[in-house]
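*Asks:* Sequence and predicted structure, then a few things I'm wondering about:
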Amino acid sequence: TGVDARLDNMFTDFERFITTLIKHKREIIEQNANSESWAPKDVLDYLLWSNSHNGLSDLELLRNMNTFFIAGHETTAVTLANTVHYLAE
């Protein structure tokens, strides 16, 4: 149906965005690989560092980022909704 196709397209676009983000971060890490000052700063940095040491597949990396991204937005949305509700009371 039309809704299913739109959701599939949205999911594909989202995964493309995350894949681009991973690629960009990998490039940054590779550029700074020899620098002693580089250290992981965020979840994606740690996952990429783990990927190079523990062998996460690209699909596992992508799925983990999907989970963190969506979970972060969901908890933020719930927190904001509760804040607005309590302020309205």
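*Replies:* Noted; the coordinates are in hand.

*Asks:* make it CA atoms for all contacts and neighbour counts henceforth
*Replies:* Noted.

*Asks:* What score does the residue most central in space within the chain have for pLDDT?
*Replies:* Residue closest to the average C-alpha location in the chain (C-alpha atoms, centre = their mean): Met65, at 3.5 Å. pLDDT, Met65: 87.

*Asks:* From Thr1, how far off is it?
*Replies:* Distance from Met65 to Thr1, counting by C-alpha to C-alpha, to the nearest Å: 28 Å.

*Asks:* Tell me, how many residues neighbour the residue lying closest to Trp38 once chain neighbours are set aside?
*Replies:* The shortest distance from Trp38 to any non-neighbouring residue, by C-alpha to C-alpha, 6 or more residues apart in numbering, is to Asn32 (6.3 Å). Look at Asn32: counted by other C-alpha atoms under 10 Å, it has 13 neighbours.

*Asks:* Kindly report the same for Asp45.
*Replies:* Using other C-alpha under 10 Å, Asp45 has 17 neighbouring residues.

*Asks:* lowest average confidence, helix or strand, in the chain?
*Replies:* When each helix and strand of the chain is scored by mean pLDDT, DSSP states H and E, helix 43-54 comes last, with a mean of 75.
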